[in-house]
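Q: Sequence and predicted structure are below.
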Amino acid sequence: QVEIEISSTIERLTSHDVIAVQRGQTPELLMLSARWNSLPFDITTGAGGGSGAAVVMETARRLVALDPLPTRGVVYTVSSAMAEGIVGLRYYADHPSILPSPGAGNDELPLDRTLGHIFLDHAAPEQPSHGVGKIGSGSGRVLAQMLRTAAINQRRLVVLDQSAERRFYYSYSQSAFARHGVPTLYLTTPPDNERLAPLQADEQTEGSAAPEGFDLDASLLVDLLTTMANTTHFPREQTALRP
């Protein structure tokens, strides 16, 4: 006979999302998101520890340094409580944020002005991945084609979800925004396999080396967001978004 006694304490905590806005020349917006509260961190794979958040911050640093700045504005968010039901992003989607606007009082960031959303789950900090992982089809055709072009520019392949039965689509970002009609790219680092050709250094630059993982993903996002931000006529999706 074995007797086991387990005591537990339930505590309600308040966590915070980090939101920053790079204002554009038009009221239209794009979003780039990641999560900050995933532990433990595995340095060999980049899983956990907010590796996606690090790439989002590096991407923002590069985008704000562009001259000229992108035409459309970009909202950067780093959210918490993702594993508990995408609480952070879901709250943002259900409650349009109001941020101070220099010289104009407060500025609302409604989803009807948000043309597209990119969520980066995690990146590989040590080794560059030959593929770009894409979860679900809630991005629609427009963002999917832009992603494919940006990946080809880096000689990478877009790798679709290899574990659809795990329902990652509902676990993180896409369902929160797709139900509001906002196309979302859910990106992650896929496992490399024999279908992916080795990622080589730029053959046109003698002695150059293949970029590290964080740099490669940040470069991809800068290319992708710049295209999204400067496209003259950003086509609206006419079909319903789905997993």
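A: Yep, it's here.

Q: contacts, neighbours, all on C-alpha from now
A: Fine.

Q: Show me which helix runs longest in the protein.
A: In the chain, taking DSSP state H as the definition, the longest helix is helix 213-230.

Q: Same question for it: list its buried residues.
A: 213-229 (16 or more other Cα atoms under 10 Å).

Q: Return the list of helices and strands in contact with that helix.
A: Applying 3 or more Cα pairs under 8 Å, 6 or more residues apart in numbering; DSSP states H and E, we find helix 213-230 packed against strand 29-35, helix 51-64, helix 140-153.

Q: partners of the first one in the sheet?
A: Sheet partners assigned to strand 29-35 using DSSP bridges are listed as strand 73-79 (parallel), strand 114-120 (parallel).

Q: could these go into TSV alongside distance to Val18?
A: Output for the strands paired with strand 29-35, formatted as TSV (distance: least, Cα to Cα, whole Å):
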stretch	distance to Val18
strand 73-79	5
strand 114-120	14
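
Q: how about CSV for these, with distance to Gln145, mean pLDDT and mean neighbour count added?
A: CSV is the format used below for the strands paired with strand 29-35 (distance: least, Cα to Cα, whole Å; pLDDT from 0 to 100; neighbours: other Cα atoms under 10 Å):
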stretch, distance to Gln145, mean pLDDT, mean neighbour count
strand 73-79, 20, 90, 23
strand 114-120, 13, 90, 24
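
Q: Out of those, the one nearest Gly88 is which?
A: Closest approach to Gly88 among these (Cα to Cα): strand 73-79, 5.1 Å.

Q: Next SSE downstream of that closest one?
A: Once the chain leaves strand 73-79, the next helix or strand it forms, by DSSP states H and E, is helix 87-94.

Q: pLDDT on that next one, on average?
A: The average pLDDT for helix 87-94 rounds to 76.

Q: For Pro27, see how far away Asp112 is.
A: 10 Å (Cα to Cα, to the nearest Å).

Q: Sketch out the low-pLDDT regions of this protein for me.
A: Residue ranges of the chain with pLDDT under 70: 37-49, 81-86, 96-108, 125-128, 138-139, 165-175, 191-213, 237-243.

Q: and Met31, what does it touch?
A: Going by Cα atoms under 8 Å, 6 or more residues apart in numbering, Met31 touches 74-77, 114, 116-118.

Q: Which of these sits closest to Asp94?
A: Thr114 (13.3 Å).

Q: one step back: and of the strands paired with strand 29-35, who's closest to Glu58?
A: Here strand 73-79 is closest among the strands paired with strand 29-35 (Cα to Cα), at 11.2 Å.

Q: quick one, that closest one and helix 213-230 angle?
A: 140 degrees (axes from the mean of the first three to the mean of the last three Cα atoms, to 10 degrees).
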